[in-house]
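Asks: okay, sequence plus prediction incoming.
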Amino acid sequence: MKWDLDRIDHEILNHFQNNARMTNKELAAAVGLAPSSCLTRVQRLRAEGVLGEAHAWVAPEAMGIGLQALVAVRLHQHSRKDFKDFWDHAMSLREVLAIFHLSGAQDFLVHVAVRDTAHLRDLALDTFTARPEVARIETSLLFDYEVKRVLPNLNVT
């Protein structure tokens, strides 16, 4: 999808990525707009799907998460139905944080969060390899990771 965003729209997006808790008054001052004009722009960006919801980062340990892993999944066949069925199943699991559809040797990479190794084993056996469309999985433990929380603005050179 292509959006027609101007310099001020990009400034608004950059400020929100760095601090989604800014008040409209603070944001308006930061981008040089009247608060009413700023609010109109923010509402348009939300309505067009450019600006989504804000979420709080929570320490995984506080939620009982002691281990995270990446599960590479290969399907038996590449039918649209099997892809959709696996995708929907994976996204229904509370342990799944993200899913990526890939090209190459694997079809999916699934980021999961679990209590411990026993929980990971059970998740792999009961919810991944038990699926009829799944041919093979390979699990890699995450020892550490960092997520950049700000997207690069590639529209500006």
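Replies: Looks like it arrived, so ask away. Numbers count the residues shown, from 1 in each chain.
Asks: how far away is residue 71 from residue 31?
Replies: 42 Å (CB to CB, to the nearest Å). Just so you know, the C-beta spots here come from the backbone N, C-alpha and C atoms, and that holds for glycine as well.
Asks: higher neighbour count, the two?
Replies: residue 71 (24 against 18; other CB atoms under 10 Å).
Asks: that's a strand at the more buried one, yeah?
Replies: Yes. Counting by DSSP: H, G, I helix; E, B strand; the rest coil, residue 71 is located in a strand.
Asks: quick one: contacts for it?
Replies: Going by CB atoms under 8 Å, 6 or more residues apart in numbering, residue 71 touches 109-110, 112, 124, 128, 137-140.
Asks: got a winner among the residues you listed for most neighbours?
Replies: Counting by other CB under 10 Å, top hit in those: residue 112 with 26 neighbours.
Asks: phi, psi for residue 101 please.
Replies: Residue 101 has phi and psi values of phi -90, psi 120 when expressed as degrees, to the nearest 10.
Asks: mind listing what the closest residue in space to it that isn't next to it in sequence touches?
Replies: Of all residues not flanking residue 101 in the chain, residue 108 sits nearest, at 6.0 Å (CB to CB, 6 or more residues apart in numbering). Neighbouring residues of residue 108 by CB under 8 Å, 6+ apart: 72-73, 75, 86-87, 90, 99-102.
Asks: beta-bridge partners for the most centrally placed residue in the chain, please?
Replies: Centroid-nearest residue in the chain: residue 98, 5.7 Å away (criterion: CA atoms, centre = their mean). With DSSP bridges applied, residue 98 shows beta-bridge pairing to residue 111.
Asks: pretty sure it is touching residue 110, no?
Replies: Yes. Using CB atoms under 8 Å, residue 98 is in contact with residue 110, at 7.5 Å.
Asks: and residue 38, which of the three is it?
Replies: helix.
Asks: look at residue 157 and report its pLDDT.
Replies: Listed pLDDT for residue 157 reads 58.
Asks: repeat that for residue 148.
Replies: The model's pLDDT for residue 148 equals 85.
Asks: what's the neighbour count on it?
Replies: 7.
Asks: that one sits in which helix or strand?
Replies: Assigned by DSSP states H and E, residue 148 belongs to no helix or strand.
Asks: isn't residue 105 right up against residue 74?
Replies: Yes. Counting by CB under 8 Å, residue 105 sits close enough to residue 74 to count as a contact (7.2 Å).
Asks: look at these two and report which has more neighbours.
Replies: residue 74 (14 against 9).
Asks: appreciated, that's everything.
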